[in-house]
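[1] Pasted the sequence and its predicted model underneath.
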Amino acid sequence: MAVVAAAAQIVGDTVAYVRAFTYYARGGAFAGSEDYYFAGYADATRAANHVFGSALAIRMWRAPHYRKDSYASDLRDNLCNVAVPGTGLPLSYVCASRVVAVAFLVAVVPFW
């Protein structure tokens, strides 16, 4: 029975992450959102901060950056020497396109 409860918790947490990520990535406001998306979590504000930061990278993708033409190109340059743990895959590969970055943030990060 403990396995079923743990699986239900994992599914619930993942759904909360994806819902909040989608909301923030589409331009949703941070203020007050932690009470809606992470209600009942002990660290609701911390969870919302983490997801908002990930979504903000997607929102800023094409925005100009002081070192590069866009935030995305700066990410690719800065993350070329950082690897996905346990894989050796440079994180700059994840920044190859916005679609790949969103897919990584939605499909891989919740299980990391």
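    Looks like it came in fine.
[2] mind listing the helices for this structure?
    Assigned by DSSP state H, the helices in the chain fall at 2-25, 33-37, 44-59, 71-78, 98-107.
[3] how about CSV for the ones you listed, with mean neighbour count added?
    Just so you know, the C-beta spots here come from the backbone N, C-alpha and C atoms, and that holds for glycine as well. Below are the helices of the chain laid out as CSV (neighbours: other CB atoms under 10 Å):
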stretch, mean neighbour count
helix 2-25, 14
helix 33-37, 17
helix 44-59, 17
helix 71-78, 18
helix 98-107, 15
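[4] Nearest approach to residue 90 belongs to which of the ones you listed?
    helix 71-78 (9.4 Å; CB to CB).
[5] which helices and strands does that closest one pack with?
    Using 3 or more CB pairs under 8 Å, 6 or more residues apart in numbering; DSSP states H and E as the contact test, no helix or strand touches helix 71-78.
[6] Name the residues that touch it?
    Residues outside helix 71-78 that contact it (CB atoms under 8 Å, 6 or more residues apart in numbering) are 57, 60-65, 67-68, 92, 95-96, 98, 101.
[7] would you turn the residues you listed into TSV with distance to residue 25 and pLDDT?
    As requested, these are exported to TSV (distance: CB to CB, whole Å; pLDDT from 0 to 100):
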residue	distance to residue 25	pLDDT
57	9	94
60	11	95
61	10	95
62	13	94
63	14	94
64	19	94
65	19	92
67	23	93
68	21	92
92	20	93
95	15	93
96	18	93
98	10	95
101	10	95
